[in-house]
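**Q** just need the structure, nothing else, for what follows:
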Amino acid sequence: MEREQTVIEKDVIEIGKRVIQIEASAVAELEKRIDENFAKVVELILNSQGRVIITGVGKSGIIARKIVATLNSTGTPALYLHPVDAIHGDLGVVRKEDVVICISKSGDTVEVLRLIPIFKRIGVPIISMVGNLNSQLARVSDYVLNVSVKEEACPYNLAPTASTTATLAMGDALAIALLEKRNFTKENFALFHPGGNLGKRLLLKVEELMVTGNEVPIVHISTPMRETIIEMTSKRLGATCVVNDEGKLVGIITDGDLRRLLQRTENVFALTAGDVMTKNPKTIKKDALAVTALQQMETYNITQLVVIDDEKKPIGMIHIHDLVKAGLSSSETDNEVEQ
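**A** As a prediction, the model looks like this:
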């Protein structure tokens with residue numbers, strides 16, 4: 001019984017590997033087809049004043065939707081047009097300023113071919129992504145992107161597998177080429193993804209999360225420790241800013257500083273904030289990215305940062321709990337840490 005199970009597992013593993021090999025080969029073949037024709041298609045879309053309308057049915061329709069999503073998130077406005085809905089009114093969405101991409105493995109998909117005369121009448125350029133260069137769709141298109149494959153991964157060469165993978169990869173190649181030609185930045189990408197972690201990492205500023213006004217714990221350098229502790233505990237940020245006569249930040253006292261002080265000093269209340277504070281604390285500006293604050297806290301193993309203005313006066317404080325609560329992770333960031 002155990003031997004039978006082992007044989008079955010080996011068989012399944014071999015099948016899985018074969019599928020990956022076939023699909024990898026199909027994608028690798030596309031590299032040879034990224035040529036002047038591909039460049040012209042990119043140029044056509046780049047110079048278009050409208051959107052990219054992509055149509056296809058069945059698995060091609062699913063791939064079309066994925067390419068539309070990728071184009072939209074990388075700076076190229078795109079719409080999916082279902083061929084059946086199109087002939088029942090949705091063709092009204094197509095404008096002559098648009099560019100149409102038709103996806104069909106056979107190139108003879110009736111539902112798609114039915115749209116061609118209307119596209120011609122509107123005057124939109126037609127790009128086809130087909131698996132058969134001699135197909136009717138290929139012949140009537142202005143540009144053809146060859147996504148043919150030698151074989152499907154399906155043992156009967158029927159289920160679209162390698163062909164859909166190849167089409168998807170060609171769509172990604174288009175989207176990323178357009179992204180780079182448009183100089184689309186990661187900040188642009190974040191603008192379209194405000195709900196995701198990337199959007200938060202690239203858009204959320206310190207000033208949106210910091211505590212301000214009377215909620216910021218601040219004591220003068222000469223403040224007795226009794227009052228200093230009261231200020232710290234009442235503001236509940238685990239620290240207090242220490243300022244000089246000009247109101248400029250000169251130090252910070254944290255809960256950790258207090259614990260260490262109690263271990264080595266019996267008469268804590270005889271001291272002032274200036275006696276206990278840590279000089280030259282880490283700071284940040286209010287317009288810095290919140291993720292930069294998080295990175296700085298992790299780097300220095302601290303839980304809060306004082307937010308200062310250009311005159312080095314404290315205007316806020318940001319705590320690591322607020323950053324985590326906002327959904328920021330501790331991933332690496334390219335932004336420089338402000339010292």
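**Q** distance check, residue 260 against residue 33.
**A** 67 Å (Cβ to Cβ, to the nearest Å). C-beta coordinates here come from the backbone N, C-alpha and C atoms, glycine included.
**Q** just want to know which of the two has more residues nearby.
**A** residue 33 (15 against 12; other Cβ atoms under 10 Å).
**Q** could you check the pLDDT of that one?
**A** What the model reports for residue 33 is a pLDDT of 95.
**Q** so what's it up against?
**A** 145-146 (Cβ atoms under 8 Å, 6 or more residues apart in numbering).
**Q** quick one: it from residue 131, how far?
**A** From residue 33 to residue 131 the distance is 12 Å (Cβ to Cβ).
**Q** got any residues that touch both of those two?
**A** With Cβ under 8 Å, 6+ apart, residue 33 and residue 131 have common neighbours residue 146.
**Q** how about stretch 254-262, which residues are buried there?
**A** Across stretch 254-262, burial judged by 16 or more other Cβ atoms under 10 Å covers 254, 257-258.
**Q** what does stretch 116-135 give?
**A** Neighbour count says stretch 116-135 has 116, 119, 124-132, 135 buried, by 16+ other Cβ under 10 Å.
**Q** which of the three states applies to residue 226?
**A** helix (DSSP: H, G, I helix; E, B strand; the rest coil).
**Q** mind listing what it touches?
**A** residue 269.
**Q** report the distance from stretch 33-43 to the chain centre.
**A** 27 Å (Cα atoms, centre = their mean, to the nearest Å).
**Q** for it, buried residues please.
**A** By neighbour count on 16+ other Cβ under 10 Å, the buried set for stretch 33-43 is 38, 41-42.
**Q** next one: stretch 101-110
**A** For stretch 101-110, by 16+ other Cβ under 10 Å, it's 101-105, 107, 109.
**Q** residues in contact with that stretch?
**A** Under Cβ under 8 Å, 6+ apart, the answer for stretch 101-110 is 52-57, 59-61, 63-64, 67, 83, 112, 115-116, 126-138, 141, 147, 160, 163, 167.
**Q** surely residue 62 forms part of a helix?
**A** Yes - assessed by three-state DSSP, residue 62 belongs to a helix.
**Q** distance of it relative to residue 155?
**A** In terms of Cβ to Cβ, residue 62 sits 22 Å off from residue 155.
**Q** neighbour count: the two, which is higher?
**A** Neighbours were counted for residue 62 and for residue 155 using other Cβ under 10 Å; residue 62 has more, 15 against 11.
**Q** and residue 115, how close does it get to residue 136?
**A** Counting by Cβ to Cβ, the gap from residue 115 to residue 136 is 12 Å.
**Q** before we move on, what about residue 179?
**A** From residue 179 to residue 136 the distance is 32 Å (Cβ to Cβ).
**Q** now swap in residue 11 and tell me
**A** For residue 11, the distance to residue 136 - Cβ to Cβ - is 41 Å.
**Q** more neighbours: those two, which one.
**A** residue 136 (19 against 10).
**Q** show me the contacts for that one.
**A** Taking Cβ under 8 Å, 6+ apart as the test, what residue 136 contacts is 107-108, 113.
**Q** swap in residue 235?
**A** 211, 215-217.
**Q** top of those by neighbour count?
**A** Result: residue 217 is most packed of the contacts of residue 235 (other Cβ under 10 Å), 26 neighbours.
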